[in-house]
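Colleague: Here is the input, now give the coordinates:
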Amino acid sequence: MSLVRLKIKGISYSQTQNGAYALILNEEEGDRKLPIVIGAFEAQSIAIALEKEIKPPRPLTHDLFKNFADRFQIVVKQVIIHKLVDGVFYSSIICERDNNEEIIDARTSDAIALALRFNAPIFTYKTILDKAGIFLKFSSKEKEEGEDDSIMVDEILQEGEAVEIESGSDTHGYREMSLQELHKELDKAVASEDYEKAAKLRDEISKRK
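Modeller: Sure, this is the predicted structure:
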């Protein structure tokens, strides 16, 4: 079966259901997107790996795994999303140590969080992308109004079972803050290890740049 390389477009949150997240993957040589509903902790971990400016004072679980793997010279070579059953994605982590390759089953969100930390490529099979990949198109008006992929999360949740995760902070209030205020709130969020809030603040800061 043919493998398709994916890149991370970002993490989107629902406008109608607080705490609902979707990881948006994009085929590297195409326009199809693969949205995967994930939990709050995994969303935070992936967001922190994407946003290099956020430095947790203590290692998160995926950071701990990376440190452990480095210490014992284990390398994550690639991640493959290899199966889709009843709306659930299944993934494998391809690891190598002393020239011996091992394949480890993992939740897709965990596998991607680790792939980011190891700078490992992410793949899926063409058959999965054909089945679950979608095209996302916005009108000119929606683009001008700054619409993002958050609407996609609502569509996913309507089609499948909602993931039970903690409610996140409302990001609408951040739009009224100045950049200086956003940076102060970001520092506070990181210091208190509220990475969900930190990721959203960082997202708002990125939009201003």
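Colleague: any idea which helix or strand comes after the helix or strand harbouring Glu42?
Modeller: Using DSSP states H and E, Glu42 sits within helix 40-50. Per DSSP H and E, helix 40-50 leads on to helix 61-71 as the next helix or strand towards the C-terminus.
Colleague: Parallel or antiparallel, which strands does the helix or strand that that next one is followed by pair with?
Modeller: Next along the chain after helix 61-71, taking DSSP H and E as the criterion, comes strand 75-85. Here strand 75-85 is paired, per DSSP bridges, with strand 88-97 (antiparallel), strand 122-125 (parallel).
Colleague: Looking at those, which is nearest to Arg58?
Modeller: Arg58 lies closest, by C-beta to C-beta, to one member of the strands paired with strand 75-85: strand 88-97, at 23.7 Å. Any C-beta I mention is one placed from the backbone N, CA and C, and that applies to glycine too.
Colleague: what's the angle from the following helix or strand past that closest one to strand 88-97?
Modeller: Helices and strands here follow DSSP H and E; after strand 88-97, the next one along the chain is strand 100-107. Relative orientation of strand 100-107 versus strand 88-97 (axes from the mean of the first three to the mean of the last three C-alpha atoms, to 10 degrees): 150 degrees.
Colleague: what packs against strand 100-107?
Modeller: strand 88-97 (3 or more C-beta pairs under 8 Å, 6 or more residues apart in numbering; DSSP states H and E).
Colleague: what is the mean pLDDT for the strand it packs on?
Modeller: Strand 88-97 shows a mean pLDDT of 95.
Colleague: Could you list the domains of this structure?
Modeller: Split into domains by automatic domain parsing, the chain comes to 3-168, 169-209.
Colleague: re earlier: packing partners of the helix holding Glu42?
Modeller: Going by 3+ C-beta pairs under 8 Å, 6+ apart, helix 40-50 lies up against strand 3-13, strand 21-27, helix 61-71, helix 108-118, helix 195-208.
Colleague: Could you dump the ones you listed into JSON lines with distance to Ala189 and mean neighbour count added?
Modeller: Listed next are the helices and strands packed on helix 40-50 as JSON lines, based on distance: least, C-beta to C-beta, whole Å; neighbours: other C-beta atoms under 10 Å:
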{"stretch": "strand 3-13", "distance to Ala189": "16", "mean neighbour count": "18"}
{"stretch": "strand 21-27", "distance to Ala189": "17", "mean neighbour count": "22"}
{"stretch": "helix 61-71", "distance to Ala189": "17", "mean neighbour count": "14"}
{"stretch": "helix 108-118", "distance to Ala189": "19", "mean neighbour count": "24"}
{"stretch": "helix 195-208", "distance to Ala189": "4", "mean neighbour count": "20"}
